[in-house]
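Asks: Coordinates for the following, if possible.
(one chain, ligands or ions: 1)
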Amino acid sequence: GGWRLDGEKWLINNAGRSRHICLLARTGEQGGPRGFSLFLVDKARLAPASYRALPKVRTHGIRGADISGIAFDGAVVGDDALIGAAGTGIDTVLRSLQLTRILCTALSLGALDHALDIAVRYAHGRNLYERHLVTLPRVRRTLGEAAAALSVAETVTTVAARAIHTLTPELSLVSAVTKALVPNLVQDTLDRITELLGVRGFLSEGYLDGAYAKLERDHRIVAVFDGSTAVNRNLIADHFPSLVRAWRTGRADRAALPATLSGALPPFDPARLRLLSTGGCTLVQLLPEAAAAVRTAARHGELPRETARMAAELDTVTRSVHRAMAAVERTPRDVPQTAFDLAARYELCFAGSALLHHWTAGARTAEDGLRLRAGLALVLSRLGLPPDERRAEAYDRLADRLPATGPAPLSSSGTTRSTR
Ligand SMILES: Cc1cc2nc3c(=O)[nH]c(=O)nc-3n(C[C@H](O)[C@H](O)[C@H](O)COP(=O)(O)OP(=O)(O)OC[C@H]3O[C@@H](n4cnc5c(N)ncnc54)[C@H](O)[C@@H]3O)c2cc1C
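Replies: This is a model prediction of the structure:
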C-alpha cells in the first residue's frame, strides 16, 4: 500500500521553500547498488505530523539561499511517488549527475565573468604612481590570464554541454572532468583577481556594495556540491583502463564530433547514458588529429607558429599522461594519490583538446586564434611546463582587448557606490 519514509537529510537547497523533494531512500534491507530508490515527495500530500522542516543553516556564501533540511517520521507516500522501478535509485542518480555536473559549472562562468568585469574596470580607473593600474605589466598579465581562464572554462563547458546530446555514452567521464576542472580553474583565477583588487576584494560593503566579496564567497561551494573535486577525480581514475585502451586503439566517435562542436544538435536521448564510458573520450582521443590540423593552419600562415608548437607540446604531454595512467595500480576502494594527480592532468589534456577542436571547427577569426593561443598557454602552464615568455605574451594581447566598459566606481577612498 505504498511506502513509509523515515530519516532526515541536511543540507538541502530549498528544502523549506519547495513543495516537492526528490529523495533517495534505502529500500533494500542491506542497501547496496540495488538497495536504494528515488521518490518524488509532494509535501502537500503528506500527513502534517509525518515530516518537519529543519531550519535554514547560516553559510559562508550564498547567504540568501534556503540551505536547510527535512526530517520524515513515518511519512507515507503512494507507489506513484516512486521514480522508476524500486531499487534503481543509485543508477538514476549516477546518470542524472552526469547532466547536473556539467550544467552547474555555469555558476563558475558567471562568477568569473562578473569578477573579470570588476577587475578590468578597477584596473582602468585606479590611479597609482600617477598612472593607471592597467599600464603595469604585472596587472595586465593578470587580467589577460584571467580572460584566458574564462575562455578555457567557457570552451570546456560549451563542448561538454553539447556532448550531452552527441557523446551521451561518454558523459560519465566528460561530466566528471568538467566538474573537477572548471570550478577549480575559476577559483584559482578568482584568487589572483582578489590579490589584484587588494583591499577592495575584502570589503563586504563600500566598494561596489561588496559585490566582489559576495561573488567570491558564493563561488566556493561550486567545487563541493554534486560531487566534490576528489569524488570527480576518483571517477576519472575509474575510467583510466578504458581511456588507455581507447587511446591505444585510436577508437573515437568521429560521427559525433562535428555536432559536439557547432551547429544544430540532435535531441538528447537519456537511454544512451552509461555508468562508465567504455569507449573512453572522443575529444581527447582525437587530439593528435586536431593538433595536426592546427600545425597545417600555422604552415599556411593562418596561426602563429607558436600556436602549432604549443599544440605539439600538448600532444606530447597527453601521450605521457596516458602512459602514466596505464601504470597506475589500484583497487576500486584504494585509489592512490598519483591517480588523483593524473586525473587533474587528464582534465587539462581534455581542456586543451576542447580548445583545439573548437578552433578547428569554428570561424577561425583573429580573435579565435588569440583565444586559442592564450588558452593553450594557460593549459600548458597548469600542466607544469616551465614559464615561457613567448607563450605568456598571448595573455597581454588578450588583456589589450578587454573592454573597460561602464562607469568605474574607483575613488581611492572606496566610498563611491555602484548601481549594479
Ligand atoms: C550549500 C549547500 C547546499 C547543498 N544542497 C544540497 C541539496 O540540495 N541536496 C543534497 O542532497 N545535498 C546538498 N548538499 C550536500 C552536499 O551535496 C554534500 O555536502 C556534498 O556532497 C559533500 O558531502 P560532505 O560534505 O558530507 O562530504 P563527505 O562526503 O563526508 O566527504 C568528506 C571528504 O572526503 C572527500 N571524499 C569523498 N569521497 C572521496 C573519494 N572517493 N576519494 C577521495 N576523497 C573523497 C570529500 O571530497 C571531502 O573532502 C548541500 C551542501 C551545501 C554546503
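
Asks: Can you list the residue ranges for helices in the chain?
Replies: Ranges of helices in the chain, per DSSP state H, are 89-103, 106-125, 137-166, 171-197, 211-219, 229-238, 240-249, 257-261, 282-285, 287-299, 305-326, 337-361, 366-382, 389-400.

Asks: most packed of those?
Replies: Mean neighbour count (mean count of other C-beta atoms under 10 Å) peaks for helix 282-285 among the helices of the chain, with a mean of 27. The C-beta positions use only the backbone N, C-alpha and C, and glycine is treated the same way.

Asks: other SSEs contacting that helix?
Replies: Counting contacts by 3 or more C-beta pairs under 8 Å, 6 or more residues apart in numbering; DSSP states H and E, helix 282-285 packs against helix 240-249, helix 257-261, helix 337-361.

Asks: Using a markdown table, lay out those together with mean pLDDT.
Replies: What follows is those, written out as a markdown table (pLDDT from 0 to 100):
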| stretch | mean pLDDT |
| --- | --- |
| helix 240-249 | 98 |
| helix 257-261 | 98 |
| helix 337-361 | 98 |
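
Asks: Make TSV out of those helices and add distance to Phe36.
Replies: Formatted as TSV, those follow (distance: least, C-beta to C-beta, whole Å):
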stretch	distance to Phe36
helix 240-249	26
helix 257-261	33
helix 337-361	26
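
Asks: Show me what Ala71 is bridged to.
Replies: Beta bridges link Ala71 to Glu8, Arg52 when assigned by DSSP bridges.

Asks: what sits against it?
Replies: By C-beta atoms under 8 Å, 6 or more residues apart in numbering, the contact list for Ala71 reads 7-8, 51-52, 54.

Asks: what separates it from Ser50, distance-wise?
Replies: With distances taken as C-beta to C-beta, to the nearest Å, Ala71 is found 10 Å from Ser50.

Asks: try Val77
Replies: Val77 sits 10 Å away from Ser50, taking C-beta to C-beta as the criterion.

Asks: quick one: the residue positioned nearest the centre of the chain and the ligand, what's the gap?
Replies: Nearest to the mean C-alpha position of the chain, counting by C-alpha atoms, centre = their mean, stands Val182 at 2.9 Å. Val182 sits at a distance of 17 Å from the ligand (criterion: C-beta to the nearest ligand atom, to the nearest Å).

Asks: What of Arg34?
Replies: To the ligand, Arg34 is 20 Å away according to C-beta to the nearest ligand atom.

Asks: how much space is there between the residue nearest to the centre of the chain and Arg330?
Replies: In terms of C-beta to C-beta, Val182 sits 25 Å off from Arg330.

Asks: same check, this time on Phe72
Replies: Taken as C-beta to C-beta, the span from Phe72 to Arg330 is 38 Å.

Asks: More neighbours: these two, which one.
Replies: More crowded of Phe72 and Arg330, by other C-beta atoms under 10 Å: Phe72, with 21 against 15.

Asks: Can you tell me how far the nearest residue to the more buried one once chain neighbours are set aside is from the ligand?
Replies: Closest residue in space to Phe72, ignoring its immediate chain neighbours: Leu5 at 4.3 Å, by C-beta to C-beta, 6 or more residues apart in numbering. Plainly put, Leu5 is 15 Å away from the ligand if you go by C-beta to the nearest ligand atom.

Asks: How many neighbouring residues does Leu5 have?
Replies: Neighbour count of Leu5, defined by other C-beta under 10 Å: 21.

Asks: so what's it up against?
Replies: Leu5 is in contact with 23, 25, 39, 41, 72, 74-77, counting by C-beta under 8 Å, 6+ apart.

Asks: Let's see that with 6 Å instead.
Replies: Residues in contact with Leu5 (C-beta atoms under 6 Å, 6 or more residues apart in numbering) are 25, 72, 75.

Asks: chain center to the lowest-mean-pLDDT helix or strand in the chain, what's the gap?
Replies: Across the helices and strands of the chain, mean pLDDT, DSSP states H and E gives its lowest value to strand 127-128, namely a mean of 88. Relative to the mean C-alpha coordinate of its chain, strand 127-128 is positioned 35 Å out (C-alpha atoms, centre = their mean, to the nearest Å).

Asks: More neighbours: which of Val77 and Ser50?
Replies: Using other C-beta under 10 Å as the criterion, Val77 and Ser50 rank with Val77 on top: 21 against 16.

Asks: What is the neighbour count of the residue nearest to that one when sequence neighbours are not counted?
Replies: Spatial nearest neighbour of Val77, excluding adjacent residues (C-beta to C-beta, 6+ apart): Trp3 at 5.3 Å. Using other C-beta under 10 Å, Trp3 has 17 neighbouring residues.

Asks: ok, so what distance separates Trp3 from the ligand?
Replies: In terms of C-beta to the nearest ligand atom, Trp3 sits 19 Å off from the ligand.

Asks: and what of Leu116?
Replies: Here the criterion is C-beta to the nearest ligand atom. By it, Leu116 lies 24 Å from the ligand.

Asks: That residue reaches Gly144, doesn't it?
Replies: No. Leu116 is not in contact with Gly144 according to C-beta atoms under 6 Å; the separation is 10.4 Å.

Asks: before we move on, the earlier item: I'd like the contacts of Leu5 as TSV, with pLDDT and distance to the ligand appended.
Replies: Listed next are the contacts of Leu5 as TSV, based on pLDDT from 0 to 100; distance: C-beta to the nearest ligand atom, whole Å:
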residue	pLDDT	distance to the ligand
Ala25	97	12
Phe72	98	14
Ala75	98	17
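
Asks: would you turn those residues into TSV with distance to Ser381?
Replies: Rendered in TSV, the data for the contacts of Leu5 read as follows (distance: C-beta to C-beta, whole Å):
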residue	distance to Ser381
Ala25	46
Phe72	50
Ala75	53
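
Asks: Kindly state the pLDDT recorded for the residue nearest to Ala111 when sequence neighbours are not counted?
Replies: Among residues not flanking Ala111 along the chain, His219 sits closest, at 4.2 Å (C-beta to C-beta, 6+ apart). According to the prediction, His219 has pLDDT 98.

Asks: How about the one 10 residues further on?
Replies: pLDDT, Thr229: 98.
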